[in-house]
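>>> sharing a sequence plus its predicted fold:
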Amino acid sequence: MLRDDLYITVPSFFRCPISLDVMKSPVSLCTGVTYDRASIQKWLDNGNNTCPATMQVLQSKEFVPNHTLQRLIQIWSDSVQQQHSHRVDSSANSLPSQDEIKSIVKDIETKKERDRCCSDAFSKILCFAEESEENREFLAKLEGFVSMLVGFLGDMRNIDFIEQIVRLLDLILIKIVNHQQLMTLLLKNNNVDSLSSLLLVLQRGRSAHSRIGSVRILESIAIDAESKLLIAEKDGLLSELVKLIGLETDPSLIEASLSCLNAISKSKRVKVKLVHLKTIPELRNILTAESNTGVSNTITEKALNLLETVSSCKEGREEMCSDMACIEAVVQKVLKVSVQATEHAVTILWSVCCLFRDGKAREAVTKSNGLAKILLLMQSNCSPAVRHMSTDLLKIFRVNSKSCLSSYDTKTTHIMPF
């Protein structure tokens, strides 16, 4: 039965003209007026031979079920029931106050167990965190809350529970002031294998939000050389991050993964490992992808940044120079993406053509009209570093700006790259 306090407005043609209640089984008389079957049957059984609404004499006392109206009433009734249910649920699941959150957290700490009640408690905290920036800041500053989350992160029995913890930690991540302390909690706690839990979310996480959150948490604790190496050398973690930059992945996850890879790939050992994990072909795919695949300028910038990183080691340059399409893709990104993308692209070309002096790379640059792009770039307001590398590139090809200009359509030299 529907509650009276919902003040439901019933369409007038849903009501029976006799009982004035919503019709359960609407039927129509020969006059065209519709009544609830029980009401009109009682009227006729009492000896009446007129239509109650019009008082017309009935030529026939037969009535026909009005299926169309019955369906409309059913649809309306279902809608009202859903509205009622939603209001009841909303009332039951109203957001807790800050004091209630403190009580919930204290209760969780007291139980020290990962049961369903604990999961329900974290669900309430998650809703509280999702509500506002103020709530997230409150949680980040709540004494012992972050360390409690990290402690629960080590429970690998339930992937749904781990995703819940990761999602919550990611929400308050930007509000955590002391990332050094967070790094210590996650990487140097002998009682909790946080990296294994974060890796599990990357591998088996059901939610894209939790997987992105896991990547962001990893990046946030890659603070110094030691932490970067600890993350990069976790078995299976680096390879999983490389998988996540594949074009079939969600663009937001690709961007987060590239950002994390850039953060942890500073040592030569990690760069070489990335080369062996076939990262360069994945980056080439990103650079050559069509715009409708969701590859944004930011993703392009991060991909070029990572390609620049791996090109700084001999193994990376060798891999790149054996992939003509990769060099050509970099040349295409020299102009018209962004200042950052230009700097990364020019640095890559300088590394393989000037530093490594690879003949195949030079051939690929020439084939993709790289010299004209470099010359056009030098006429723009580029940074001193980019200008210096561009000059080196022109020298390596034994071309100076004057001779190149003589063979280049001067009508287009005013075009700026950005």
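Cool, the structure landed.

>>> from here on, just use CA atoms for contacts and neighbour counts.
Fine.

>>> state the distance from the residue lying farthest from the centre of the chain to Arg136.
Computed with Cα atoms, centre = their mean, the residue of the chain farthest from its C-alpha average is Gly47, at 70.3 Å. Taking Cα to Cα, to the nearest Å as the measure, Gly47 falls 72 Å from Arg136.

>>> quick one: mean pLDDT over the helix or strand harbouring Ile162.
Element membership for Ile162 (DSSP states H and E) is helix 159-173. Averaging pLDDT along helix 159-173 yields 91.

>>> check which element follows it along the chain.
Next element after helix 159-173 (DSSP H and E): helix 179-187.

>>> before we move on, what SS does Tyr35 have?
At Tyr35 the chain is in strand, as set by DSSP: H, G, I helix; E, B strand; the rest coil.

>>> let me see the backbone angles for the closest residue in space to it that isn't next to it in sequence.
In space, Tyr35 comes closest to Cys16 once its chain neighbours are excluded; the distance is 5.0 Å by Cα to Cα, 6 or more residues apart in numbering. When quoted as degrees, to the nearest 10, the phi and psi of Cys16 stand at phi -70, psi 130.

>>> which ones are touching Cys16?
Applying Cα atoms under 8 Å, 6 or more residues apart in numbering to Cys16 gives the contacts 22-23, 34-36, 39.

>>> and which of the residues you listed is nearest to Asn66?
Thr34 (7.6 Å; Cα to Cα).

>>> quick one: contacts for that closest one?
16-17, 26-28, 66.

>>> and the gap between it and Arg284?
70 Å.

>>> can you check Asp170 too?
Per Cα to Cα, Asp170 is found 30 Å from Arg284.

>>> cool, Tyr35 as well?
72 Å.

>>> more crowded one of the two?
Neighbour count, other Cα atoms under 10 Å: between Tyr35 and Arg284, Tyr35 has more, with 31 against 21.

>>> contact partners for that one?
Shown in contact with Tyr35 (Cα under 8 Å, 6+ apart): 16-18, 23, 26-28.

>>> Thr68: neighbour count?
10.

>>> tell me which element it falls in.
Going by DSSP H and E, Thr68 is part of helix 67-92.

>>> tell me which helix or strand comes right after that helix.
Heading C-terminal from helix 67-92, the first helix or strand you meet, by DSSP H and E, is helix 98-111.

>>> who are the packing partners of that following helix?
Packing partners of helix 98-111 (3 or more Cα pairs under 8 Å, 6 or more residues apart in numbering; DSSP states H and E): helix 116-131.

>>> other residues contacting stretch 240-247?
Under Cα under 8 Å, 6+ apart, the answer for stretch 240-247 is 199, 202-203, 253-255, 257-258, 261, 277, 279, 282-283, 285-286, 293.

>>> among the contacts of Tyr35, which are located in strands?
Among these, the ones falling in strands (DSSP state E) are 26-28.

>>> wait, which of the residues you listed is closest to Val177?
For those, the residue nearest Val177 by Cα to Cα is Pro26; the value is 65.9 Å.

>>> number of residues surrounding that closest one?
Around Pro26 there are 26 residues (other Cα under 10 Å).

>>> output the below-cut-off pLDDT ranges for the protein.
Along the chain, segments meeting pLDDT under 70 span 1-8, 82-93, 111-117, 156-157, 191, 290-294, 398-418.

>>> mind doing that once more with 80?
1-10, 78-95, 109-119, 154-157, 189-192, 290-294, 397-418 (pLDDT under 80).

>>> centroid residue for it?
Ser252 (4.6 Å).

>>> host element of Lys234?
Lys234 belongs to no helix or strand when assigned by DSSP H and E.

>>> residue contacts, the closest residue to it other than its chain neighbours?
Using Cα to Cα, 6+ apart and skipping the chain neighbours, the partner closest in space to Lys234 is Leu195 (7.3 Å). Residues in contact with Leu195 (Cα under 8 Å, 6+ apart) are 186-187, 231, 234.
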